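Chemist: Coordinates for the following, if possible.
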Amino acid sequence: MSDTNRQHVEEPGPSEVRSPLVSHELQRAGVWFALAIAIAMVVLLAQPLMLIMGALVLATMMDGGTRLLGRVLPISRGWRLTIVLLGAVAFMAYTFYLTGSSLAAQAQAMRTIVEAQVARVGGWMQQLGISTTPDDLKSLASQAMSSMGRVTAAVGTAVGAVTSGVMMLVLAIFIAVEPKLYERGVAWMLPMEKRAHFYAIADKMGWTLRRLMFGRLIGMAVEGVGTWLLLWAGGVPMAGLLGILTGLFAFLPNIGSIISGVLIILVGFSGGTDTGLYAFGVYLAVQVIDGYLIVPMVAKRATDLAPALVLAAQILFGALFGLMGLFLADPIVAMIKVYLEERSKALKGRAKDGAKAEPGV
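Modeler: Got it, this is the predicted structure:
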């Protein structure tokens, strides 16, 4: 056999990169290696990723306010965004200026009341034969807080919290000034045939987050103001502070309502049995109005997330990323849901197009 014929008969062996077997195995190994690197990067960069995600949520809230203001004020987007930011700052400054000193005193008194009530609950449980002491309840709470993830350790100090908040706010303002600019920048890194699908997903995610955050703000206002007025009318101590805490905790679905409910009940029963029962009734009434009226009207139509799914995501993200993960679990799950739905629609559309084109082949 001549050299020319031998070159045509022989094929590359398994030791050569040209071998289809070797190329296939290298591709598989590369995929798993890239996945491992991505997971390691997520773990190592937990803090900046959560800060960026928080900035996106803040930017969505600013964008929603700017769009809503545009329906009544036909001025440029920059001026509308400035009005939204100045309004938010003025509201916060006005609230803390009027109630700052009284809220600080109430917060200190509430801590004393909660500790006394926890001690009473521990003593009552011991009388029932349950071997649980107040110290056990306090250690359980401290363990729950210490079990939070990497981001909590990074922003646990006052300086870290302020720095992280300022960074998120500045990044959110930059994004909210011209969100389409950053959207086009991300799309530029994708292949041309993928960009239309990316724009569709980005628009749907933005719409969903705006509805979700709008519903969340409405729920916070309703729960906070409603709790404050009803508790104040019933003579429950520290009604103003409990209303503010209830409104803030309303940002956390499921878990936030449990925390605020525990505080309301503990403080309510410190004023007597009748006051405690009234506070418990107020808590139930506010939660029913928010859960069965506000959420279905505003947020659930946009996201329709199962409560068990949201709670499981909060537990998971809280353990992995700390308090930031706990706050951002709901928006992250909503965006993942939107991506999966749009991906499924795209695949179904391709399958239908293929089925229509097949008879003509």
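
Chemist: Report the next helix or strand after whichever strand or helix holds residue 258 in sequence order.
Modeler: Using DSSP states H and E, the element containing residue 258 is helix 255-269. The helix or strand immediately downstream of helix 255-269 is helix 273-289, counting by DSSP H and E.

Chemist: Please tell me how far residue 314 sits from residue 58.
Modeler: In this view, residue 314 and residue 58 are 19 Å apart by CB to CB, to the nearest Å. C-betas here are computed from N, CA, C, even on glycine.

Chemist: same question, residue 256
Modeler: For residue 256, the distance to residue 58 - CB to CB - is 18 Å.

Chemist: which strands and helices sit next to the helix or strand containing residue 108?
Modeler: For residue 108, the element it lies in under DSSP H and E is helix 77-127. Judged by 3 or more CB pairs under 8 Å, 6 or more residues apart in numbering; DSSP states H and E, the packing partners of helix 77-127 are helix 46-70, helix 134-146, helix 158-177, helix 239-249, helix 255-269.

Chemist: any idea how far the helix holding residue 258 is from the chain center?
Modeler: Centroid displacement of helix 255-269 relative to its chain, using CA atoms, centre = their mean, to the nearest Å, is 22 Å.

Chemist: In contact with the nearest residue to residue 275 once chain neighbours are set aside, which residues?
Modeler: Closest residue to residue 275 apart from its sequence neighbours, by CB to CB, 6 or more residues apart in numbering: residue 268 at 5.3 Å. Shown in contact with residue 268 (CB atoms under 8 Å, 6 or more residues apart in numbering): 231, 236, 275-280.

Chemist: run the last query once more with 10 Å
Modeler: Going by CB atoms under 10 Å, 6 or more residues apart in numbering, residue 268 touches 117, 231, 234, 236-238, 242, 274-283.

Chemist: likewise residue 228?
Modeler: Counting by CB under 10 Å, 6+ apart, residue 228 touches 236, 238-247, 282.

Chemist: can you rerun that using 7 Å?
Modeler: 239-240, 243 (CB atoms under 7 Å, 6 or more residues apart in numbering).

Chemist: one step back: deepest in the core, which of the helices and strands packed on helix 77-127 is it.
Modeler: For these, average neighbour numbers computed from mean count of other CB atoms under 10 Å are highest in helix 239-249, which has a mean of 22.

Chemist: so what secondary structure elements neighbour it?
Modeler: Judged by 3 or more CB pairs under 7 Å, 6 or more residues apart in numbering; DSSP states H and E, helix 239-249 is in contact with helix 77-127, helix 192-233, helix 255-269.

Chemist: With residue 26 as the reference, name the closest of those.
Modeler: Taking CB to CB, helix 192-233 is the member of the helices and strands packed on helix 239-249 nearest to residue 26, at 24.6 Å.

Chemist: Can you pull out the low-pLDDT segments for the stretch 101-250 of the chain?
Modeler: 101-106, 129-161 (pLDDT under 70).

Chemist: 90 instead, please
Modeler: 101-171, 173-202, 204-226, 228, 231-250 (pLDDT under 90).

Chemist: repeat for the stretch 251-361 of the chain
Modeler: The stretch 251-361 of the chain contains residues with pLDDT under 90 at 251-277, 279-280, 282-361.

Chemist: Centre of the chain to stretch 230-245, how far?
Modeler: 27 Å.

Chemist: circling back to that earlier point, which of the helices and strands packed on helix 239-249 is buried the deepest?
Modeler: helix 255-269 (a mean of 20).

Chemist: what angle separates that one from helix 77-127?
Modeler: Here the directions of helix 255-269 and helix 77-127 differ by 60 degrees (axes from the mean of the first three to the mean of the last three CA atoms, to 10 degrees).

Chemist: please renumber so the chain begins at 301
Modeler: I'll keep to 301 as the first residue from here, and by that count the last item is helix 555-569.

Chemist: Alpha carbons of helix 555-569, as CSV, please.
Modeler: Only the C-alpha atoms of helix 555-569 are listed here, as CSV (Å, rounded to 0.1, in the frame of the first residue of the first chain):
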residue,chain,number,x,y,z
ILE,A,555,-41.6,36.1,57.5
GLY,A,556,-42.1,39.8,58.0
SER,A,557,-45.7,39.4,59.0
ILE,A,558,-44.7,36.8,61.6
ILE,A,559,-42.1,39.1,63.2
SER,A,560,-44.4,42.1,63.3
GLY,A,561,-47.2,40.0,64.7
VAL,A,562,-45.0,38.7,67.5
LEU,A,563,-44.0,42.2,68.4
ILE,A,564,-47.6,43.5,68.3
ILE,A,565,-48.9,40.7,70.5
LEU,A,566,-46.0,40.9,73.1
VAL,A,567,-46.4,44.7,73.4
GLY,A,568,-50.2,44.4,73.5
PHE,A,569,-50.3,41.9,76.3
